[in-house]
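In: I would like to see how this sequence folds:
(chains A and B)
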Number of protein chains: 2
Amino acid sequence: MSLLVTGSIGIDSVDTPTGSVTDVLGGSAVYFAAAASFFVPVRLVAAVGADVPAGLGNVLEHFKIDTRGFEIRAGSNTFRWHGKYRRNMNERETLAVQPNVLAEALPPVPDAYRDSEYVFLANTDPGSQLEFRRQFPHCKLCVADTMDLWISTQCAALTDLLRNIDGLVLNNEEAEQLTGEPNIIRAAELIVQMGPKFVIVKKGEHGALVEHDGVKVVLPAFPAAQVVDPTGAGDSFAGGVMGHLAATGDLSHENLRIAMAWGTVVASFTIESFSLDRLMRLTRAELNERFEHYRSMLAI
Amino acid sequence: MSLLVTGSIGIDSVDTPTGSVTDVLGGSAVYFAAAASFFVPVRLVAAVGADVPAGLGNVLEHFKIDTRGFEIRAGSNTFRWHGKYRRNMNERETLAVQPNVLAEALPPVPDAYRDSEYVFLANTDPGSQLEFRRQFPHCKLCVADTMDLWISTQCAALTDLLRNIDGLVLNNEEAEQLTGEPNIIRAAELIVQMGPKFVIVKKGEHGALVEHDGVKVVLPAFPAAQVVDPTGAGDSFAGGVMGHLAATGDLSHENLRIAMAWGTVVASFTIESFSLDRLMRLTRAELNERFEHYRSMLAI
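Out: Numbering: from 1, shown residues only, chains lettered A, B, ... in the order given. Model (predicted):
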């Protein structure tokens, strides 16, 4: 049930229609780890520069993240991202990005992590994801995230990756880009034919779908009348999904559906504030209560 | 449990990325009535011109529609619509529209229909909808559909209508247009403050949500890998919702959610072919089977 995540730790600046923050903690691995830690202990493989993000230590400690794979690289700078959300909060543009340490050598995987059974390769170039993948020979479930940039510039490496992972997570625009198919249900079928056992397509405010061995499940997002900042929603969704799967060790269709529901619910808290603020205040009791609410909403 | 629908009967031409049809039967009242008739007998108030659409008689007979309120108006022409769907099948543009009989006097409501308890006012101008509304003094549940044109040109009449109906059905762009609020969950809250007890926001391939007395429910669409023609999906969704409500007579939150599920499932058949073709072949057993599939998909 050991769950490991590789990915970014970032210093984010975010503009939304209702507010802005500058130089706050972010990054795919951080959101994922925080969300997943509600279900199982989480191992982190990620690097920052000497400009360690403010609040990172607190967050890693609060969520009891295993930091033996966390590296502070002297002479490097932390990944930085500045994004702006449009009025509907479902579309965003990147105003500035500085890869910094992400463009350097991958952080080493500690030997003690080689036995990891559940591995999430958060979004980075598919070549690096495959290099990570090969370092976990005992992996029972390896899932990767990807993005439009890699689909358009590293198609061969991505195709190779897809043959070596169990699950892929991406959003609906990316699913269409990868397959050329505008119907995302059909796009998901086509992605599964490229290698992974399942694909999860994230639709932001419209929820998510999974295609697994011919079974299709679509779940709505939790209805949120107030969205402060969608940053990290997708990564914390994935954290909830993988956290539940690792905690239960059950990879059936039925349990994947339950895992999607947990991911949906934990992500619904992430978007209630900037950065990790809401997740830092979230209790397991609140999480359970909203899960029950979500379950009731879907009981027909 | 008498269910009545007022609305259009049309002669449609439809272009989709995968095919086209010319001069086929369509119209909001037809799709609604066909879908609702799987649940309860349906009364129809609608008019066509002397150019009665091909196949209309068969459809009305097949679904056992009560046609005492159906009028063939000599010297008039039937409503015609030509629409084109974009590649994703979720957006469409109107290439041509001829209101014809819809722009003339409203079809009269037979005296025998005055006792109707469940009334659906399919999309037309809100003044006409209100005029119909006043002819059903025993109405237990009156629900109206609307569209962008009336929101932008007849806001006062629409506001008046909203104070005199129990439920409003519209799509997500229309909900934003009506309220100025891009978050549709919040937009739904604002619409309920304008008068109706509930509002249903249709999101096409992303499902639908209902806001009812502070309770919010979002349900996904049934996952469809092949969409032939989305025309009539919204009207047959509404037919399933109203049909189930009329059949059960239960207007609780819980039953409204079940009704939304029936609407979702019946609409998923509508889009499998052009015009009414799939609904004409649909059996109650098939409908029940897909409902069970949908229920299982959402059981978490």
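In: Can you list the buried residues in stretch A:157-176?
Out: For stretch A:157-176, a neighbour-count test (16 or more other C-beta atoms under 10 Å in any protein chain shown) marks A:157-158, A:161-162, A:165-176 as buried. C-beta here means a position set from N, CA and C on the backbone, and glycine is covered the same way.
In: How about stretch A:142-151?
Out: A:Cys142, A:Val143, A:Ala144, A:Asp145, A:Thr146, A:Met147, A:Trp150, A:Ile151.
In: Can you tell me the closest non-neighbouring residue to the most centrally placed residue in chain A?
Out: Closest residue to the average C-alpha location of chain A: A:Asp235 at 2.5 Å, with C-alpha atoms, centre = their mean. Of all residues not flanking A:Asp235 in the chain, A:Tyr31 sits nearest, at 3.7 Å (C-beta to C-beta, 6 or more residues apart in numbering or on different chains).
In: got it, and A:Ala175?
Out: Nearest non-adjacent residue to A:Ala175 (C-beta to C-beta, 6+ apart): A:Ala187, at 4.3 Å.
In: give the contact list for the one you found.
Out: A:Ala175, A:Glu176, A:Leu178, A:Thr179, A:Glu181, A:Val201 (C-beta atoms under 8 Å, 6 or more residues apart in numbering or on different chains).
In: From the residues you listed, pick the one nearest chain B.
Out: Checking the contacts of A:Ala187 against chain B with C-beta to the nearest C-beta, the nearest one is A:Glu176 at 8.1 Å.
In: The closest one - that's part of a helix, no?
Out: Yes. With DSSP: H, G, I helix; E, B strand; the rest coil as the criterion, A:Glu176 is located in a helix.
In: which residues touch it?
Out: A:Pro182, A:Ile184, A:Ala187.
In: picking that back up, tabulate the buried residues of stretch A:142-151 (CSV), appending distance to chain B, secondary structure and pLDDT.
Out: Shown next, in CSV, are those (distance: C-beta to the nearest C-beta, whole Å; DSSP: H, G, I helix; E, B strand; the rest coil; pLDDT from 0 to 100):
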residue, distance to chain B, secondary structure, pLDDT
A:Cys142, 24, strand, 98
A:Val143, 20, strand, 98
A:Ala144, 23, strand, 98
A:Asp145, 21, strand, 97
A:Thr146, 21, coil, 95
A:Met147, 20, coil, 93
A:Trp150, 23, helix, 93
A:Ile151, 18, helix, 95
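In: Mind checking if the helix or strand encompassing A:His82 is in reach of chain B?
Out: Taking DSSP states H and E as the criterion, A:His82 maps to strand A:79-85. No. For strand A:79-85, no contact with chain B is found by C-beta under 8 Å from any C-beta of the partner chain; the gap never falls below 10.7 Å.
In: which element follows that strand toward the C-terminus?
Out: strand A:92-98.
In: all helices of the stretch 201-300 of chain A, in order?
Out: For the stretch 201-300 of chain A, the helices defined by DSSP state H, counting those that start in this stretch cover A:233-248, A:253-270, A:277-281, A:284-297.
In: which other helices and strands contact the first one?
Out: So the one you mean is helix A:233-248. Helix A:233-248 sits against strand A:3-6, helix A:28-36, strand A:118-121, strand A:141-145, strand A:167-171, strand A:198-202, helix A:253-270, with contacts defined as 3 or more C-beta pairs under 8 Å, 6 or more residues apart in numbering or on different chains; DSSP states H and E.
In: mind redoing it with 7 Å?
Out: Contact partners of helix A:233-248 among helices and strands, from 3 or more C-beta pairs under 7 Å, 6 or more residues apart in numbering or on different chains; DSSP states H and E: strand A:3-6, helix A:28-36, strand A:118-121, strand A:141-145, helix A:253-270.
In: Return the most buried member of those.
Out: Most buried of those by mean neighbour count (mean count of other C-beta atoms under 10 Å in any protein chain shown) is helix A:28-36; its value is a mean of 31.
In: hmm, who's touching that helix?
Out: Under the criterion C-beta atoms under 7 Å, 6 or more residues apart in numbering or on different chains, residues A:3, A:5-9, A:42, A:44, A:46, A:59, A:63, A:65, A:120, A:122-123, A:145, A:232, A:235-236, A:238-240, A:242-243, A:266, A:270, A:276, A:279 lie in contact with helix A:28-36.
In: Now A:Pro230. Nearest residue, chain neighbours left out?
Out: A:Ile271 (5.1 Å).
In: ugh, wrong one, I meant A:Ala221
Out: That would be A:Gly207: by C-beta to C-beta, 6+ apart, it lies 4.6 Å from A:Ala221.
In: What are the phi and psi values at that neighbour?
Out: Backbone geometry at A:Gly207, expressed as degrees, to the nearest 10, gives phi 100, psi -150.
In: That one: neighbour count?
Out: A:Gly207: 21 surrounding residues under other C-beta atoms under 10 Å in any protein chain shown.
In: contacting residues around it?
Out: A:Gly207 neighbours (C-beta under 7 Å, 6+ apart): A:Val218, A:Leu219, A:Pro220, A:Ala221, A:Thr264, B:Pro220.
In: mind putting these in TSV, pLDDT included?
Out: Shown next, in TSV, are the contacts of A:Gly207 (pLDDT from 0 to 100):
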residue	pLDDT
A:Val218	98
A:Leu219	98
A:Pro220	98
A:Ala221	97
A:Thr264	98
B:Pro220	98
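In: of these, buried ones?
Out: Of those, these count as buried by 16+ other C-beta under 10 Å: A:Val218, A:Leu219, A:Pro220, A:Ala221, A:Thr264, B:Pro220.
In: Among the residues you listed, which lie within strands?
Out: A:Val218, A:Leu219 (DSSP state E).
In: what about stretch A:105-120, average pLDDT?
Out: Average pLDDT, stretch A:105-120: 97.
In: Same check on stretch A:40-47?
Out: 98.
In: From the chain's centroid, how far away is it?
Out: 13 Å (C-alpha atoms, centre = their mean, to the nearest Å).
In: then it to PDB, C-alphas only?
Out: What follows is stretch A:40-47, C-alpha atoms only, in PDB (Å, rounded to 0.1, in the frame of the first residue of the first chain):
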ATOM      1  CA  VAL A  40      -2.300   6.500   3.000                       C
ATOM      2  CA  PRO A  41       1.200   7.600   3.900                       C
ATOM      3  CA  VAL A  42       2.800   9.300   0.800                       C
ATOM      4  CA  ARG A  43       6.400   9.200  -0.400                       C
ATOM      5  CA  LEU A  44       7.600  12.200  -2.300                       C
ATOM      6  CA  VAL A  45      10.200  12.400  -5.100                       C
ATOM      7  CA  ALA A  46      10.700  16.000  -6.000                       C
ATOM      8  CA  ALA A  47      13.300  18.800  -6.000                       C
END
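In: rewinding a little: switch the contacts of A:Glu176 over to CSV; also include distance to A:Phe70 and secondary structure.
Out: Rendered in CSV, the data for these read as follows (distance: C-beta to C-beta, whole Å; DSSP: H, G, I helix; E, B strand; the rest coil):
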residue, distance to A:Phe70, secondary structure
A:Pro182, 41, coil
A:Ile184, 35, helix
A:Ala187, 36, helix
